[in-house]
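[1] the following block contains a protein sequence and its predicted model.
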Amino acid sequence: MGDRRVMTRKLLECSFSDKLCVVQEGQYEVIIVPALFVGAFLILLGVILWLFIRGQRAQQQRSGRQGIAPMPSSRGLRWEEAGQGGNVCVPLKETSVESFLRARAPVLDKLQVPREQLSEVLEQIYNGSCGPIYRAKRNSGDSSAKPKSVVLKALKESAGLHEVQNFLGQIQFYQYLGKHKNLVQLEGCCTERLPLYMVLEDVAQGDLLSFLWTCRRDVMTMDGLLYDITEKQVYHIGKQVLLALEFLEDKHLFHGDVAARNILIQSDLTAKLCGLGLAYEVHTQGAISSARTIPLKWLSPERLLQRPAGIRADIWSFGILLYEMVTLGAPPYPEVPPTSILQHLQRRKIMKRPSSCKHTMYNIMKSCWRWSEDSRPLPRELRVRLEAAARTADDKAVLQVPELVVPELYAAVAGISVNSLSYSYSIL
Ligand SMILES: Nc1ncnc2c1ncn2[C@@H]1O[C@H](COP(=O)(O)OP(=O)(O)OP(=O)(O)O)[C@@H](O)[C@H]1O
């Protein structure tokens, strides 16, 4: 206020023709105001720089303490939190696969299965996303014990360093997950040199989709397994899948591809979720890579719209799985072309109740297919509903569908590649 009064007085003392006076008064405005701005800007810059350097230092200290390279986190969970040495990101300085494997050997040391324990004859059962999947015999080294059947997931020969890295990461992911009776179990690995193998327990009866298709045939028994399924058993299998999803949810994960083709079944109808490649991708990269093709008809609206998804997207797919079971493996939305599924759902259309499905089960399906993910139940809530429904479910009448499945036709209607169907149905 004081300065202003001084300046005003100076102006009054000047005549209008006095240019020097006007210039002098203008200099105050031209110098002081920008100087204030520059000063404020420099202070702000200083604060930002200080915050940035402080952040960098904290990060360096953290990774130095844990001996790991930073990696993208997914939904707030990182492997190192589990204290299992879950370092997936490996310095990219490695120049050859061999030296890379040598460097990684200590991390996977405890999981190594001596190759001489594995039979030389490998029977290919599937062509997986990383490479061929084989069935083999494992001799535990104890001469009195019978060799047991295992499944080997191999990494394809043409794999580059990045794929090797990814494969080892998947093994560590299994290790990080730990054991759950409804998830396929990792027994070990062979990764000290090429070819690389994951050694998995053999869930010998194969995938649930093939099982359901076989239930359509007039086959009573095969390998000790009854190829029949009742409503009560549908609930029994569904409950086990939900237990696996609860386990994943507790670890802030989701499966991403819940479908009958990704469930393996034992002769006592124990169900095990497999195909964890996608869960691994989401966990490490925070997103599903574009190289993955996931059948659209199993996906929730948020997945189809490429919005962030979580366990409730698995719940949507679980509803489709119930439909698959109760129809003995029919393709979902038979009247809708796979590429039109999003428009179909946007019109708020869901599948009608199949004739073999009671109202209680259909109501459960409908709760899984609520458009808004927040209004869908969580795995735990849904399991409780399934358990209650199972108490009054029919355990006598066997589900029946007279038509047999033509795999090529099924693949076209379901929108999946015929090659991705399991081998076990083709031998029927
Ligand atoms: N442990 C196992 N026991 C019996 N069969 C298995 C086992 N693991 C896989 N298979 C067979 O291989 C098929 C594909 O398995 P899976 O989905 O795990 O591999 P993938 O296609 O490489 O998937 P992902 O990359 O998602 O892990 C299964 O449907 C099943 O037929």
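    In hand now; what should we look at?
[2] show me which residues of this protein are close to the ligand?
    125-126, 128-130, 133, 151, 184, 200-203, 206-207, 261-262, 264, 274-278, 422 (CB under 6 Å from any ligand atom). Using the backbone N, CA and C atoms, a C-beta is placed for each residue, glycine as well.
[3] and whichever residue of the stretch 1-150 of the chain sits closest to the ligand, how many neighbours?
    Here the stretch 1-150 of the chain gets closest to the ligand at one residue, G128, 2.8 Å apart by CB to the nearest ligand atom. With neighbours defined by other CB atoms under 10 Å, the count for G128 comes to 18.
[4] and the nearest residue to it once chain neighbours are set aside, what does it touch?
    In this structure, G128 finds its nearest non-sequential neighbour in K153, 5.9 Å apart by CB to CB, 6 or more residues apart in numbering. Applying CB atoms under 8 Å, 6 or more residues apart in numbering to K153 gives the contacts G128, C130, G131, I133, Y197, M198, L200.
[5] now Q124
    By CB under 8 Å, 6+ apart, Q124 lies in contact with P132, I133, Y134.
[6] quick one: pLDDT of it?
    pLDDT for Q124: 93.
[7] what about it, which helix or strand?
    For Q124, the host element (DSSP states H and E) is strand 123-127.
[8] which ones among the residues of the chain next to the ligand lie within helices?
    Of the positions in the residues of the chain next to the ligand, G277, L278 sit in helices, assigned by DSSP state H.
[9] just the buried residues from the residues of the chain next to the ligand, in ChimeraX please.
    Buried residues within the residues of the chain next to the ligand, by 16 or more other CB atoms under 10 Å, are selected in ChimeraX with:
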select :125,126,128,129,130,133,151,184,200,201,202,203,206,207,261,262,264,274,275,276,277,278,422
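[10] helix, strand, or coil at the residue nearest to G128?
    Classification of K153 by DSSP: H, G, I helix; E, B strand; the rest coil places it in strand.
[11] from here on, count from 4
    All set: I'll call the first residue 4, so the last point we hit is now K156.
[12] that one pairs with what?
    Beta-bridge partners for K156, by DSSP bridges, are I136, M201.
[13] can you give me the helices in the stretch 154-303 of the chain?
    Counting by DSSP state H, counting those that start in this stretch, the stretch 154-303 of the chain has helices at residues 164-180, 211-218, 234-253, 280-288.
[14] could you pull out the buried residues of the third one?
    It stands for helix 234-253. For helix 234-253, burial by neighbour count (16+ other CB under 10 Å) applies to 234-252.
[15] average pLDDT for it?
    Average pLDDT, helix 234-253: 98.
[16] so which residue is dead centre in the protein?
    Here the mean C-alpha position of the chain is nearest to the C-alpha of A282 (CA atoms, centre = their mean), at a distance of 2.0 Å.
[17] my guess is that one contacts K254. True?
    No - using CB atoms under 8 Å as the test, A282 is too far from K254 to be in contact (9.3 Å).
[18] pick out the residue of the stretch 204-353 of the chain closest to the ligand.
    Counting by CB to the nearest ligand atom, the stretch 204-353 of the chain gets nearest the ligand through G280, at 2.5 Å.
[19] enumerate every residue touching that residue.
    G280 sits next to S132, C133, Q173 when contact means CB under 8 Å, 6+ apart.
[20] over to Q115?
    Going by CB under 8 Å, 6+ apart, Q115 touches G191, C192, C193, T194, E195.
[21] if you set the cut-off to 10 Å instead, what comes out?
    The neighbours of Q115, taking CB atoms under 10 Å, 6 or more residues apart in numbering as the test, are A108, G191, C192, C193, T194, E195, V202.
[22] domain-wise, how is the chain divided?
    Domain assignment for the chain by automatic domain parsing gives 5-69, 79-204, 211-430.
[23] what's the most buried one of the ones you listed?
    Most buried of the domains of the chain, by mean neighbour count (mean count of other CB atoms under 10 Å): domain 211-430, with a mean of 18.
[24] and stretch 346-362, how far out from the chain middle?
    On the basis of CA atoms, centre = their mean, to the nearest Å, stretch 346-362 is displaced by 26 Å from the centre of the chain it belongs to.
[25] returning to that earlier point: out of the contacts of Q115, which sit inside strands?
    G191, C192, C193, V202 (DSSP state E).
[26] show me where the chain dips below the pLDDT cut-off.
    Along the chain, segments meeting pLDDT under 70 span 4-33, 56-98, 223-228, 293, 426-431.
[27] same thing but 80
    4-38, 49-98, 144-146, 221-229, 289-295, 425-431 (pLDDT under 80).
[28] can you give me the strands in it?
    Secondary structure of the chain (DSSP E): strands at 126-130, 135-141, 151-157, 189-193, 200-204, 224-225, 228-229, 266-268, 274-276.
[29] what angle do the second one and strand 126-130 make?
    It stands for strand 135-141. Counting by axes from the mean of the first three to the mean of the last three CA atoms, to 10 degrees, strand 135-141 points 150 degrees away from the direction of strand 126-130.
[30] identify the residues contacting strand 135-141?
    If you take CB under 10 Å, 6+ apart as the criterion, strand 135-141 is touched by 116-117, 120-131, 148-160, 190-191, 198, 200-203, 205, 207, 277, 425-426.
[31] and with 6 Å instead?
    Strand 135-141 has contacts (CB atoms under 6 Å, 6 or more residues apart in numbering) with 120-122, 125-129, 150-151, 153-157.
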